[in-house]
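Trainee: sequence and predicted structure are below.
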Amino acid sequence: MTVKKFRYIYGPVPSWRLGRSLGIDPVSKGRKVCSYDCIYCQVGKTGLLTDERHHFIDCEDIIKELNSLPPLTIDTVTFSGAGEPTLAANLGEMIRAVKQTRKEKVAVITNSSLLPRKDVQEDLSSADLVVAKLDAPTQDVFSSVNAPFKTVKLADIISGLKSFRNVYQGKLALQIMFIGENKACAEDIAQIVKSIRPDEVQINTPLRPCRVNPLSEAELDRVGIYFRGVSTVFVYKAEKKTVAPLSDGDTLKRRGKVL
């Protein structure tokens, strides 16, 4: 059977957070376009480090690919990919169009860098689920772990997360990637998380190949102690559904090795 080449869609992948997840990359440009250059990123170094929103892909092209899919059993359509999805200036239009085209819930996985912006909050308001990153309690740790674009400040992100929480009607999850560089900050991160009041906290460590080593399950359990009283899911304990990607190559370049 000939495998169709998709330019913007990848997966489905067995996501421990989202079930069978069909990915959409709204900034597909053949290189990673992001506002961070995280040391644990599974798709490698950032090709274009920026915090400016642009129109990368026409919404109609995304819908054409969705309409060309064979029958699939999926749980979530997820905006993610090789870069930061909120850099797409037409992200809100894409989310609304996908919701009119597919019956599944729509999620966005964001690094949170643009959440202080009202236009970004408005775009994300159309999603059923927003998974937002928070890996650090201070600017120094933020710079070390996430290597953000020079104008991106942690204090603004925390303020943006709080204001978004106050207006967003969908499910807000905070994802925290714990590695050696920030595991000692778990208590401080937990205090910030509790002030944001997310619906869920996702305790993660990089299990796919990257530049740093993951924490062990025992280490992650010790980190989790500080998040008691908050609804949490842990990467080592979460169930993964069986699913195979339509195109291994398209999925690999946007997600790294599929586990």
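Mentor: It's in.
Trainee: run through the stretch 101-250 of the chain and note the low-pLDDT ranges.
Mentor: 247-250 (pLDDT under 70).
Trainee: what's the local residue count around D61?
Mentor: 13 (other Cβ atoms under 10 Å). Backbone N, C-alpha and C define where each C-beta goes, glycine included.
Trainee: doesn't it lie inside a strand?
Mentor: No: under DSSP: H, G, I helix; E, B strand; the rest coil, D61 sits outside any strand and is assigned helix.
Trainee: that one and R7 touch, don't they?
Mentor: Yes: with contact defined as Cβ atoms under 8 Å, D61 reaches R7; the gap is 7.4 Å.
Trainee: shared neighbours of these two, anything?
Mentor: Counting by Cβ atoms under 8 Å, 6 or more residues apart in numbering, D61 and R7 have no contacts in common.
Trainee: would you map the strands across this protein?
Mentor: With strands called from DSSP state E, the chain shows them at 9-15, 19-24, 33-34, 48-49, 76-79, 105-110, 129-133, 171-177, 200-204, 232-234.
Trainee: possible to save these as JSON lines with mean neighbour count and distance to C210?
Mentor: Converted to JSON lines, the strands of the chain look like this (neighbours: other Cβ atoms under 10 Å; distance: least, Cβ to Cβ, whole Å):
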{"stretch": "strand 9-15", "mean neighbour count": "25", "distance to C210": "16"}
{"stretch": "strand 19-24", "mean neighbour count": "24", "distance to C210": "18"}
{"stretch": "strand 33-34", "mean neighbour count": "26", "distance to C210": "14"}
{"stretch": "strand 48-49", "mean neighbour count": "16", "distance to C210": "17"}
{"stretch": "strand 76-79", "mean neighbour count": "26", "distance to C210": "20"}
{"stretch": "strand 105-110", "mean neighbour count": "23", "distance to C210": "16"}
{"stretch": "strand 129-133", "mean neighbour count": "24", "distance to C210": "15"}
{"stretch": "strand 171-177", "mean neighbour count": "21", "distance to C210": "10"}
{"stretch": "strand 200-204", "mean neighbour count": "22", "distance to C210": "12"}
{"stretch": "strand 232-234", "mean neighbour count": "17", "distance to C210": "19"}
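Trainee: was I right about V27 contacting G83?
Mentor: Yes: using Cβ under 8 Å, V27 is in contact with G83, at 4.4 Å.
Trainee: tell me, what's touching these two both at once?
Mentor: By Cβ under 8 Å, 6+ apart, the residues touching both V27 and G83 are V33.
Trainee: please say which of these two ends up with more neighbours.
Mentor: For V27 versus G83, neighbours defined as other Cβ under 10 Å are more numerous around G83 (28 against 24).
Trainee: which residues does the more buried one bridge with?
Mentor: Assessed by DSSP bridges, G83 has beta-bridge partners V33.
Trainee: from here on, call the first residue 249.
Mentor: Fine by me, first position is 249 from now on; the one you just mentioned is G331.
Trainee: residue contacts, the closest residue to D371 other than its chain neighbours?
Mentor: Once flanking residues are discounted, D371 sits nearest to G340: 3.3 Å by Cβ to Cβ, 6 or more residues apart in numbering. Taking Cβ under 8 Å, 6+ apart as the contact definition, G340 lies against E370, D371, L372, S373, S374.
Trainee: show only the entries of the residues you listed found in helices.
Mentor: Members of these lying in helices (criterion: DSSP state H): E370, D371, L372.
Trainee: quick one: which of those is nearest P260?
Mentor: Nearest to P260 among the ones in helices among the contacts of G340: L372, at 22.2 Å, using Cβ to Cβ.
Trainee: next up, the contacts around the nearest residue to that closest one once chain neighbours are set aside.
Mentor: Spatial nearest neighbour of L372, excluding adjacent residues (Cβ to Cβ, 6+ apart): V378 at 5.3 Å. By Cβ under 8 Å, 6+ apart, the contact set of V378 is A355, V356, T358, L372, F412, Y416, G418, K419, L420, A421.
Trainee: done for today, thanks.
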